[in-house]
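In: Structural data only, the sequence is not supplied:
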C-alpha cells in the first residue's frame, strides 16, 4: 500500500526499502564473479578499519548483458555493459554516528545510449537521551543520458532532518526536508522534446507521525506529510492505521491512506511540434483502504493476508483539441478502482527445509470521467494479470549444499492477449569451509520462449538461461 505520510508523493502503490551493510560488516577482501548464457558480472571489494571505531570499504563492479530476443525472432539490439566504482565509511565519535558513501558509474546500451552519473551521501545520527534520536542526511546525485542527438542532464540536491521520540504511550517521529532538481533535455528541432529545455524544481516537506498505544493491545498510528513543489503545488498526504494484537500471536490491522503521483516533466512539458503540446496536468490521486491479518498458528507456520481497495482519480489521459483534434494534450480524465487480495504463508517442514506460498489477486475497473476523451483508451492504467501464485522451497540438503526451487504461475494479460504461464527457477549452492561459495542457477526452465508483456515497445521473449556464480570473502 501507499507510504506517502512518511515517504512523500509518488509512494503510491508501495515502497521498496533497500538496506545496505555497514562498512564494519564487510572488512577484508571479497570477490564475486558470475557468468551465464545472458549475463557476465564481476565485483571486487575491500574494506578495513578506520581508527578505533570505524571502518571503510571500496568496490568496483562491472557487467555485460547480452541482447534479448524479439518476438518475431532475431536480436533486439539492446546489449548493455557498464562499470561502477564506489565506497563507504562508517565511524562513531562523541558527536554521534557518521556515514559517508558514494559511487560513479558509466553504462552503455546497444552502443548508442550512454548513461553516466554518480552520487555522494552523508548521514549523521545521535542519541539525545530523553529527547530520542536525531538524524540528518544530505546527498547530491547527477545523471547524464546521451541517446544519439538527445542529451538529458539531471542534478539533484537533497537535505533532510528527522527526530524520533519515545514519550510513553506515544512514539513520535517528525521531520522535514528540502530538494532541488535541475533538469535539462536537448533534442534536435522537429523531434519530441521538453519545453522549456531547462527547468529547476524545488520541493519542501514537513511530516509528523504518532504511534499511540491506546491499550497494551491496540495501537493507533496517525501521520501526515505536507509537500510543496514549485512545479505542481501542495500535496497533503494523511495516513491512519489501527492495529489490534489479539494476544494469541495474531494481529488484525486496518489503514486508510491518501497518496499522490505528482506530474513529471513528461506530463507537462513534453512537446512534439504540430502533434503534442504541454498542458496543465495535475497530480493523480489515490485513497487506499486496507485490512490485514497476521498470525502464527503454530511454531513452524506463519501467515499474512491483506485485502485492499484503491480508489484512483485524475488519472492521465491524452485529450484531443476540441476544434481541430490536434494538438493533443495530457489531461486528468481517468478514474476508477482496484480491488484485490495478497496472501503469504511460510511453513518450516524441518529445521533445514522451508516452504513459502504466496498469491495475489487484482480486479481493475477504470473509466473516463463524464465528458472526457482519451485517444489511448486509458493505456496509462496498464495491463495486469488478475492473479499470480508463487511457491518457494528452500532446502539445506547438507551442511554445505543448499537447493532453492521457485515455481510461479501468472494469469493472462486481458488487454493484450498475452497468454499466462507456469515457470520454474532452480538454484543449487555449495558453501565451502574456506569462505568460497559456488552456485548454479537455472531460470525459466519450462519454456523455450515466452512473451511476458503486451507493450509494443517492449515485446521481448524470454526462455531458458543458466548462471554460475563464485563468491569469496577473506
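Out: Noted; the coordinates are in hand. None of the values given here were measured: they were computed from a predicted structure. Residues are numbered from 1 along each chain as shown.
In: isn't residue 185 right next to residue 151, touching?
Out: Yes - counting by Cβ atoms under 8 Å, residue 185 touches residue 151, with 7.3 Å between them. Where C-beta positions appear, they are placed from N, C-alpha and C, glycine not excepted.
In: Just want to know which of these two has more residues nearby.
Out: residue 185 (22 against 14; other Cβ atoms under 10 Å).
In: show me the contacts for the more buried one.
Out: Residue 185 makes contact with 150-153, 193-194, 197, 265, according to Cβ atoms under 8 Å, 6 or more residues apart in numbering.
In: For it, give me phi and psi.
Out: Residue 185 adopts backbone torsions of phi -140, psi 120, taken as degrees, to the nearest 10.
In: What pLDDT is listed against it?
Out: In the predicted model, residue 185 carries a pLDDT score of 96.
In: Also residue 4?
Out: According to the model's per-residue confidence, residue 4 sits at a pLDDT of 90.
In: same check, this time on residue 105
Out: According to the model, residue 105 carries a pLDDT of 98.
In: Of the contacts of residue 185, just say which sits nearest to residue 172.
Out: residue 265 (36.2 Å; Cβ to Cβ).
In: wait, doesn't that closest one sit right on residue 198?
Out: No - using Cβ under 8 Å as the test, residue 265 is too far from residue 198 to be in contact (10.4 Å).
In: More neighbours: these two, which one.
Out: Between residue 265 and residue 198, counting by other Cβ under 10 Å, residue 265 is the more crowded of the two (19 against 11).
In: in the chain, which spans are helices?
Out: Counting by DSSP state H, the chain has these helices, from start to end: 4-7, 265-269.
In: Rebuild those helices as a markdown table, extending it with distance to residue 367.
Out: Putting the helices of the chain into a markdown table (distance: least, Cβ to Cβ, whole Å) gives the following:
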| stretch | distance to residue 367 |
| --- | --- |
| helix 4-7 | 24 |
| helix 265-269 | 20 |
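In: Going by length in residues, pull out the top strand of this protein.
Out: Secondary structure of the chain per DSSP state E: the longest strand is strand 325-350.
In: wait, which of the helices of the chain is closest to residue 116?
Out: Shortest separation from residue 116 across these is recorded for helix 265-269, at 20.1 Å, computed as Cβ to Cβ.
In: Contacts made by that closest one with the rest, please.
Out: When contacts are taken as Cβ under 8 Å, 6+ apart, the neighbours of helix 265-269 outside the stretch itself are 183, 185, 194-196, 199, 231, 278-281, 316, 330.
In: From the residues you listed, which land in strands?
Out: Where these overlap with strands, as defined by DSSP E, the overlap consists of 183, 185, 194, 199, 316, 330.
In: quick one: which of the residues you listed is nearest residue 141?
Out: Nearest to residue 141 out of the ones in strands among the contacts of helix 265-269 is residue 183 (Cβ to Cβ; 12.0 Å).
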